[in-house]
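Asker: Show me the folded form of this:
(one chain, ligands or ions: 1)
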Amino acid sequence: PTYPSLSPHATMKATPVDEIPKIRAALRENFRKGITRPLSWRRHQLLQLARMMQENADALAESLALDLGRPRMEAYFAEVGAVMDRAIICAQKLEEWTKPESVDVPDWQKSWSPTIHKASKGTVLIISPWNYPLILTLQPLYGAISAGCCAVIKPSELAANYAALLAQLVPKYLDHSTYRVVLGAVPETTKLLELQWDHIFYTGNGRIARIIATAAAKHLTPLTLELGGKSPVIVDGTFDIGLAAKRILWGKINNAGQICVAPDHVLVLREKQEELAAAFKAAYDLFYPEGALNSTSISRIVSDAHFERLKGLLERTKGEIVFGGKTNVKRGFEPTIVKNVAEGDSLLEEEIFGPILPLVPVDSVQEAIEFVNSRDHPLVLYVFTEDPKTKKAIIEETMSGNLVFNDTFQQLSVNELPFGGVGESGYGRQVLKYSYENFTYDRACIDVPKSAEPTLELRYPPYTEEKLAF
Ligand code: NAD
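Answerer: Residues are numbered from 1 along each chain as shown. Here you go, the predicted model:
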């Protein structure tokens, strides 16, 4: 089948379902041949991936603009540039990461040379969503290349322009016998999931994650699940409220709030709510002096279904709209602040995944902590505070994949930190070395020399009293 793009500019031709097992079989065969094993070969593929970003930056940004209305600046910073830089860093770090590790053991075991080898898992499957379609397909891919794995990439059909471009570029830049793109939607993914893989790296929502995990369980396939959920913000009023509002609103307007780490709702001390709401308005006016719907600095909502879902959430809320809420025919949606939102409100049910930000007044930091702890563990917890006691309480008493004090999103720019969820927000980690580690396993190895025999005599039968006494 062909899948209509959400933009009028392209249709994405799906990979024929009966081709899919053949693709996997070819990759497995090529993995066994050892094509992906030499570090020099992996390094070349990584640099080719970086070159693919560099030489096609404009076309890639254009595809993201067609699919998501993404501003060029966001496309370069968050996706194209990030993959290019990180693929190069992987190429530089490969030797260090893949080096066998020797372990410290008691003297009598030293001659066995106990070593951990970073072994490649094999042929892996990467399934990605539409919201950051480039980095969420190619970040796992640079991990798989670094690890010496073969890989099939299944981009989201909802970002069809990007997916179609990726399918054209990958065979031009990367080894076709080891890296393949499968295009399609549910039927094609279902076919992929019937097959045995050596690892599945899935990014998306928790409902589909359960379908993926069930399919993986049939083959005991290890998984990475990068999921979403409601990432809360706590504001206790001790950090500059104007700056907090600017930093939170920036986190919310990126990709029109359609990002797994978007601040979902703000738990604010009751007496600070009005000041924070006014500060959001000031930040909004600064970002969009011409009004958000007239600005070229906003993304649109990805599909009619998501657009209607967001409008529905706003219609059903019992909170008061401070500003925003207007939409246009191009699925533009104004950043919208809603105050006095309380437990049970429509805006506190599911992940908002759009530019609506509810303010939930609380009476104390402790109440905010209890609110967070009574829900699924979030991907990120954002806390704006200058109070060391609050910071300590948050670190000790809450759980989340990432924890950020006094900013939003900036954790993603620290390449050396692992990114991932806990509980409902998923498991496994990514970025650079952490991406690579998904696709390797620690293979423990010893090599026992003949000369070690005297130290091993005791283990052989007959199990005499004399041996037992030793
Ligand atoms: P989506 O609808 O594009 O789906 C993701 C993938 O699942 C696609 O490739 C799609 O083809 C496949 N899929 C859809 N239905 C399927 C089915 N029935 N069986 C098998 N495969 C199927 O994206 P989405 O899930 O709406 O993505 C948004 C979610 O992803 C949000 O919850 C967001 O928070 C989360 N997310 C998490 C991260 C992270 O790194 N933790 C990053 C981005 C997005």
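Asker: quick one, strands of the stretch 351-470 of the chain?
Answerer: 356-362, 380-384, 402-405, 426-427, 440-445 (DSSP state E, counting those that start in this stretch).
Asker: among those, which is the most enclosed?
Answerer: strand 380-384 (a mean of 26; mean count of other Cβ atoms under 10 Å). Every residue, glycine included, has its C-beta placed from N, CA and C.
Asker: tell me what that one is packed against?
Answerer: strand 231-235, helix 241-253, helix 388-397, strand 402-405 (3 or more Cβ pairs under 8 Å, 6 or more residues apart in numbering; DSSP states H and E).
Asker: Pipe those into CSV and attach distance to the ligand and mean pLDDT per row.
Answerer: Below are those laid out as CSV (distance: least, Cβ to the nearest ligand atom, whole Å; pLDDT from 0 to 100):
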stretch, distance to the ligand, mean pLDDT
strand 231-235, 9, 98
helix 241-253, 14, 97
helix 388-397, 21, 98
strand 402-405, 10, 98
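Asker: how close does residue 321 get to the ligand?
Answerer: From residue 321 across to the ligand, the span is 24 Å (Cβ to the nearest ligand atom, to the nearest Å).
Asker: if I pick that residue, what's in contact with it?
Answerer: 314, 336-338 (Cβ atoms under 8 Å, 6 or more residues apart in numbering).
Asker: circling back: nearest to residue 371, of the strands of the stretch 351-470 of the chain?
Answerer: Evaluated with Cβ to Cβ, the strands of the stretch 351-470 of the chain place strand 356-362 nearest to residue 371, the distance being 6.6 Å.
Asker: Distance from the chain centre to the closest one, please.
Answerer: 25 Å (Cα atoms, centre = their mean, to the nearest Å).
Asker: what's the angle between that strand and helix 241-253?
Answerer: 140 degrees (axes from the mean of the first three to the mean of the last three Cα atoms, to 10 degrees).
Asker: Report the strands that pair with strand 356-362, each with its relative direction.
Answerer: strand 263-269 (parallel), strand 336-339 (parallel) (DSSP bridges).
Asker: Next, the angle from it to strand 231-235.
Answerer: Using the same axes, to 10 degrees: strand 356-362 against strand 231-235 is 50 degrees.
Asker: what's in contact with strand 356-362?
Answerer: 248-249, 252, 257, 263, 265-270, 273, 276-277, 280, 310, 313-314, 317, 319, 322, 324, 335-342, 345, 347-348, 352, 368, 371.
Asker: can you rerun that using 7 Å?
Answerer: 252, 263, 265-270, 273, 276-277, 310, 313-314, 319, 336-342, 345, 347-348, 368, 371 (Cβ atoms under 7 Å, 6 or more residues apart in numbering).
Asker: got the CA positions of it in CSV?
Answerer: C-alpha atoms of strand 356-362 as CSV (Å, rounded to 0.1, in the frame of the first residue of the first chain):
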residue,chain,number,x,y,z
ILE,A,356,-1.4,23.6,26.6
LEU,A,357,0.1,24.1,30.1
PRO,A,358,-2.1,23.7,33.1
LEU,A,359,-1.2,25.4,36.4
VAL,A,360,-2.1,23.3,39.5
PRO,A,361,-2.0,25.2,42.7
VAL,A,362,-0.7,23.3,45.7
